[in-house]
Each structure stands twice: as C-alpha cells, then as structure tokens.
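Asker: coordinates for the following, if possible.
(one chain, ligands or ions: 2)
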Amino acid sequence: MIYTVTFNPALDYVVRMDALALGQVNRTVSEDVQLGGKGINVSWVLRELGHENVALGFVAGFTGKAIEDGLAAKGVATDFIHLPAGLTRINVKLKAGEETEINGKGPDISAEALEELFHKLDALGEGDVLVLAGSIPASMPSDVYESILARLEGKNVLCAVDATRDLLVNVLKYKPFLIKPNNHELGEIFGRVLTTDEEIRECAEKLQQQGARNVLVSMAGDGAMLLDENGGCHRLAAYKGKVKNSVGAGDSMVAGFLAGYLDSGDYAHALRVGSAAGSATAFSDVLATRSEIEALLNQA
Ligand SMILES: Nc1ncnc2c1ncn2[C@@H]1O[C@H](COP(=O)(O)OP(=O)(O)O)[C@@H](O)[C@H]1O
Ligand SMILES: O=P(O)(O)OC[C@H]1O[C@](O)(COP(=O)(O)O)[C@@H](O)[C@@H]1O
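Answerer: Residues are numbered from 1 along each chain as shown. Ligands and ions are numbered 1, 2, ... in the order given. This is a model prediction of the structure:
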C-alpha cells in the first residue's frame, strides 16, 4: 500500500485579485478553498492516477474535519491522528499578478500524538511505499523525518521525501528512494543560487553521494532533471501552456513520478508522468485530473 504523511495539512484559501495594495482594504475577483498540504496533494493525484493510498498525519478542529471529509469524498482512505486542541491551518495563496503564499505554522503536536504516528508506521513492510512531504509544525522535533526513516530501516519500504533543508538532508543516510527538491531548495542546501544545468546536476549528485537513490529536481517552468540510481541523468523541458495556479505542481510531480514508476519500473517513464502531472496542475485552477495529465503525455 502507498501511505502519505502530512504533518501539517492545510486548507488552501486561493484568492484572486487584480492587484494587492498593502495597508488598504482589498477586494477579491474570486476566492476558493482547496484541500492542501503536500502529502494530501500527493494522495489526491495518486488516487486520480488510479493508485489507492492512505493519507496519514495530524488534523485538528473544523478545518481538519473538512480535509478528512474532502479526501473521503475523493475515495482516498485516511487514518489521521486527531489533535485535541488547535486548528489545522489555513494557508493563503494570493494570485495578484504574482503568486504570493502565506503558510501557517500549524497546531502543536504532542509527544504522545507523535508516538501514535510512529506506532502506525511501524506496521509498514516490504512492498509498501511511504511519502513524507511538507513542513513540520514548529512544535515538532526537527529530526522527526529522520526518526521515521531510522525506524523503517531494513524493512524494504520505498520512501519518498519532499522537504526542505535539514529535514531533507538528514534523511539521506537512510537512502530514501526519492527526494524532490526544487532548484531553489537545492541551492539553499548548499548556500548557492543555481542558474545552469551543470550547477544543478553537480548539487544533485552530491545529494546522491550522500545517499538519495533518485534525485528529482523540479524547476517550475524550466522543467525537471532526474538523476536516477542507475547513473542516468534525464532532463525534460516543461510543457507549454497557460499557468493558472501552480500550487501543488511539485506534489503532483511526486505523485506522477511514483505512479509512473510503480506502473512501469522505468525511470524515464516515471519522469514523463511526473512532469505531465506537475504541468497539468500548473495549467489548472485545482490539482490536475487524470485526463488532463494524459492529454499532456499524449502530446509528447
Ligand atoms: N509554469 C509552469 N509551466 C509548465 N510546467 C510547470 C510550471 N510550473 C510547474 N510546472 C511543472 O511542475 C513541476 C513542479 O513544479 P515546481 O514549481 O518546480 O515544484 P514545487 O511546487 O515543489 O516548487 C515542474 O518541474 C514542471 O514539470
Ligand atoms: O508544508 P508546507 O511546506 O508549509 O507547504 C504547504 C503548502 O504546500 C502545498 O502542498 C503546495 O505545495 P507545492 O506547490 O510545493 O506542490 C499547498 O497545498 C500547501 O499550502
């Protein structure tokens, strides 16, 4: 079974405006509320691509309930831990010419609640896939992803990690199956701004040397680069289209990559499906549908 873990789910409040004037009353052109949080987006797109999966993580309050209900309506199984206090965050996504995001810090997660998650994950074994994606609430120990991978070591669970900085770097020693930094996040890890493919490849290779089996670097409208575990370096340009809302493009890419790999065992194919899923989401107001992803794949 595929499991996704979202420590910090969110409702994404997507607001469109002609322009944003700071310090003044602004009126929207339109607004919309979508389920969000990286693992939850991965679950959604995996389901869309025909892969059953279970969404794990922590939810709180009425916003958490909305996420559970929305996933159930989509046919994604959930097994969240319910926090006794606080509220699952609402992240604000402003579309006013440029895209501006305000992501909340999220509710506190107690040591007991974390232990409950560890207990659920201890049941995973051979043939299972685990996706750890997104930020962790400020109250959490910063080695939490590392602790999860340490507990799963030797169990042959395919682990994909989509996180930033130390949260990501510290899991590399456990040889995760997939990591997906974007080019900016990859640069941040090395304290550099990466501008050329050569620089991106050089940094991605370093993460591979530190243990990552496959490194997928997404570059928004510039496409993606994959260093696979067999020594292959694949570079794909992004699909061309009108960008409507790129929130969730990276999560869609992770879902597409995993679906493509699980369906074929082929990394080049996995990258194509991942790219199509990322672009299809960027070209849509919400997360991409299967038919939108297939339409792009059939273009190539
Ligand atoms: N503007 C865009 N045009 C075409 N494809 C895009 C665009 N933005 C994202 N994508 C696709 O989605 C993938 C992931 O997007 P990216 O923005 O790099 O991820 P993240 O959301 O993690 O930062 C890209 O590699 C690309 O394939
Ligand atoms: O957990 P984080 O890093 O705060 O990110 C949460 C946000 O990321 C998203 O999952 C979108 O992620 P991507 O655009 O990177 O794919 C939103 O749905 C959510 O609001």
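Asker: and the strands in the stretch 151-300 of the chain?
Answerer: 158-162, 178-179, 214-218, 224-227, 233-236 (DSSP state E, counting those that start in this stretch).
Asker: look at the closest residue to ligand 1 within the stretch 51-200 of the chain and report its pLDDT.
Answerer: The stretch 51-200 of the chain approaches ligand 1 most closely through residue 182 (3.7 Å), counting by C-beta to the nearest ligand atom. Yep, even glycine has a C-beta here, placed from its N, CA and C like the rest. The model reports residue 182 with a pLDDT of 98.
Asker: cool, residue 141 as well?
Answerer: pLDDT for residue 141: 87.
Asker: contacts only, for the residue of the stretch 51-200 of the chain closest to ligand 1.
Answerer: Shown in contact with residue 182 (C-beta atoms under 8 Å, 6 or more residues apart in numbering): 217-220, 250.
Asker: before we move on, the earlier item: adding mean pLDDT, mean neighbour count and distance to residue 33, write the strands of the stretch 151-300 of the chain out as JSON lines.
Answerer: Listed next are these as JSON lines, based on pLDDT from 0 to 100; neighbours: other C-beta atoms under 10 Å; distance: least, C-beta to C-beta, whole Å:
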{"stretch": "strand 158-162", "mean pLDDT": "98", "mean neighbour count": "24", "distance to residue 33": "23"}
{"stretch": "strand 178-179", "mean pLDDT": "98", "mean neighbour count": "26", "distance to residue 33": "30"}
{"stretch": "strand 214-218", "mean pLDDT": "98", "mean neighbour count": "26", "distance to residue 33": "25"}
{"stretch": "strand 224-227", "mean pLDDT": "98", "mean neighbour count": "24", "distance to residue 33": "29"}
{"stretch": "strand 233-236", "mean pLDDT": "98", "mean neighbour count": "16", "distance to residue 33": "32"}
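Asker: residue 84: which of the ones you listed is closest?
Answerer: Of all those, strand 158-162 sits nearest to residue 84, with 28.2 Å by C-beta to C-beta.
Asker: helices or strands next to the lowest-mean-pLDDT helix or strand in the chain in the packing?
Answerer: For the chain, using mean pLDDT, DSSP states H and E, the weakest element among its helices and strands is strand 98-102, scoring a mean of 92. In this structure, strand 98-102 packs against strand 89-96, with contacts taken as 3 or more C-beta pairs under 8 Å, 6 or more residues apart in numbering; DSSP states H and E.
Asker: the strand it packs on versus strand 98-102: what angle between them?
Answerer: Between strand 89-96 and strand 98-102, the angle comes out at 160 degrees (axes from the mean of the first three to the mean of the last three C-alpha atoms, to 10 degrees).
Asker: now do strand 89-96: everything it contacts.
Answerer: Outside strand 89-96, the residues that touch it by C-beta under 8 Å, 6+ apart are 8-20, 36, 63, 99-107, 245, 247.
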